[in-house]
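Undergrad: sequence unknown, structure follows:
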């Protein structure tokens, strides 16, 4: 591993806050890590739960990254259609040692052409839609395909980041970071995946997501139609 590892998180309005801050907390503790919070401008970026995040570099000024990480959130719709963002992700993805995403951030990688023919995962409610970009969906909290690491929904970002640390810095370093963060989950309820949920709970959550997923499917169809012209 090089003495300095340039790690860049792409920021855009309406990202899911924990998609970003979970992996950030883990990866920032890796020896040699230099974190870059990258956005189109240095203006504060709005998250899905209220707080704002301050980027520290712009897309134009960002150095070549060793690892690029794309969080998810409702803001992916606009980001997937933003030529500046997609061009940045594509350029960095081509030269970076590691290409990564958390939750629905995988779709930004897909829009940049970085998922075709590769195994990947995302939030369970959007999982099968990965095929729109030629990816092979795999149901797992973390999926690795060569230098591509993708994490499942939201909290899976912590597991994803520890997987990356283990790969880059070794198991002992990953264990030390895990212990320092006291990451030893014992949830008071055991319903953290669709396979564990009862029909009533799963149905309620699917119904809540349905309008959003339907709109997102429509966007994917529009993007495919535009590419075909």
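TA: Yep, it's here. Treat the numbers as computed from the prediction; the structure is a model and nothing was measured.

Undergrad: all helices for the protein, in order.
TA: 17-27, 76-80, 83-95, 106-111, 156-169, 171-180, 199-228 (DSSP state H).

Undergrad: With respect to residue 137, which of the ones you listed lies nearest?
TA: Residue 137 sits nearest to helix 106-111 of all the helices of the chain, at 9.5 Å, using Cβ to Cβ. For every residue, glycine as well, the C-beta is placed using N, CA and C.

Undergrad: shaky segments in this structure?
TA: 1-2 (pLDDT under 70).

Undergrad: Dig out what the residue most central in space within the chain forms beta bridges with.
TA: Nearest to the mean C-alpha position of the chain, counting by Cα atoms, centre = their mean, stands residue 102 at 2.2 Å. Counting by DSSP bridges, residue 102 is bridged to residue 151.

Undergrad: Might one say that it is in contact with residue 73?
TA: No: Residue 102 is beyond contact range of residue 73, at 9.7 Å (criterion: Cβ atoms under 8 Å).

Undergrad: Mutual contacts of the two, please.
TA: Shared contacts of residue 102 and residue 73 (Cβ atoms under 8 Å, 6 or more residues apart in numbering): residue 19.

Undergrad: which of the helices of the chain is buried the deepest?
TA: helix 106-111 (a mean of 27; mean count of other Cβ atoms under 10 Å).

Undergrad: Give the other helices and strands that that one contacts.
TA: strand 67-70, helix 76-80, helix 83-95, strand 98-102, strand 148-151 (3 or more Cβ pairs under 8 Å, 6 or more residues apart in numbering; DSSP states H and E).

Undergrad: Tell me which of these sits nearest to residue 57.
TA: Of all the helices and strands packed on helix 106-111, helix 83-95 comes closest under Cβ to Cβ, at 11.3 Å.

Undergrad: Now do the closest one: which elements does it pack against?
TA: strand 5-10, strand 67-70, helix 76-80, helix 106-111.

Undergrad: Apply 7 Å and report the result again.
TA: strand 67-70, helix 106-111 (3 or more Cβ pairs under 7 Å, 6 or more residues apart in numbering; DSSP states H and E).
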